[in-house]
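**Q** Below are the sequence and a predicted model; questions follow.
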Amino acid sequence: SALWELSPKFVGSILQKNEELCVERISRYFGRFESRLMTKAAAKKKDVNLIGFTGSFFEKYSEKSDPNCFDGNDVSAAISLSITGASYWVASLLNEEIDLSVFTKFEYGVCISEVGIEFFDDPQISKIYGQLKLLNGISRVTASKLLASKRPNLFPIFDNDVSSLFLHSDGKSWQQKGSYLAWCKKWQEIAADKTVSNFLAQLLKDKSFVCQPLRALDVVFWLEGFDWENGTGDLLSRPY
C-alpha cells in the first residue's frame with residue numbers, strides 16, 4: 001500500500017535516514033548472478049536459492065542499443081526487468097519507425113533535471129509514448145522500461161511495485177492514478193533537489209556502481225517492495 005509523499009523533501013529525507021540500507025540494496029542488486037537452471041517454482045520446491053537479480057543486466061543491454069531507434073538490446077533490457085517479451089509486441093516495436101530525435105540529441109547519461117521543466121510537455125514526447133502504448137502488449141510499465149533503456153537517467157521507470165509505495169497529491173496511490181508523463185515530472189523535481197542529487201552522486205562515486213542515479217532510486221524503492229513481499233532484509237525507515 002502507498003506509504004509516502006512523492007516529493008523532493010520526503011525522498012531526500014528517506015535517503016538520508018537510510019544511507020547504509022541504500023548502499024546495501026544497490027550492492028545486492030548489482031552483485032553476483034548465477035545462471036538460472038530452473039524456474040522460481042522449481043527452485044522453491046527444492047529449497048534452492050536463486051542468486052542475483054536479472055535487472056542487473058539492464059545496463060549491459062541498454063548501453064549497447066542503437067541511440068537512434070528501439071532495437072533488440074532495448075527489448076532485452078526491458079525483459080531483464082521482469083516483463084514478458086511476447087513476440088507480438090517485440091516484432092511490432094521493431095517494425096515501427098518511431099522518431100526519437102527529441103531526446104537522442106542528448107548524451108546517454110543526461111540527467112532528468114538537466115533537460116528543462118517543459119521537456120515532458122513536449123508534444124513529441126507524448127507522441128513517442130503514445131506510439132509505444134498503441135502496440136498490442138506494451139503497457140505503461142513496458143513503455144517506461146523501453147524509454148528508460150534509451151536514456152536511463154532521463155526516463156524514470158513506472159513499476160507497479162514502486163508506484164504503489166507513493167501517494168498522489170489527492171492521497172491515492174500512484175499505481176491507481178496518474179499518467180506516466182506526470183510521474184516523470186515528479187521525479188524530475190526530485191532529481192533536481194540538491195539533497196537527493198548530492199546523496200546519489202556521492203553514493204555512486206564512493207561505491208563505483210554501474211547504474212545511473214535515476215536507476216539507483218528505482219532499485220532502492222523496488223527492493224522495498226521485494227523485501228517486504230519476501231520477508232528478506234530491512235525496510236526503509238520513515239524520516240518523520
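**A** That came through, no problem.

**Q** from what I can see Ile117 touches Ala191, true?
**A** No - judged on CB atoms under 8 Å, Ile117 makes no contact with Ala191 at a distance of 11.7 Å. Placement of C-beta: from N, CA and C, glycine included.

**Q** Compare these two (neighbour count), which wins?
**A** With neighbours defined as other CB atoms under 10 Å, Ile117 and Ala191 compare such that Ala191 has more, 22 against 11.

**Q** Next, work out how far apart the spatially most central residue of the chain and Ser65 are.
**A** Residue closest to the average C-alpha location in the chain (CA atoms, centre = their mean): Ile157, at 3.3 Å. In this view, Ile157 and Ser65 are 16 Å apart by CB to CB, to the nearest Å.

**Q** Name the next helix or strand downstream of the worst-scoring helix or strand of the chain on mean pLDDT, please.
**A** Within the chain, judged by mean pLDDT, DSSP states H and E, the helix or strand with the poorest mean is helix 194-207; its value is a mean of 88. Counting by DSSP states H and E, the next helix or strand C-terminal to helix 194-207 is helix 213-230.

**Q** which of the residues in that next one are buried?
**A** Buried residues in helix 213-230, counted by 16 or more other CB atoms under 10 Å: 213-227.

**Q** So what does Trp4 look like in phi/psi?
**A** phi -130, psi 150 (degrees, to the nearest 10).

**Q** can you pull up the bridge partners for it?
**A** Trp4 has these beta-bridge partners by DSSP bridges: Phe166.

**Q** That'll do, ta.
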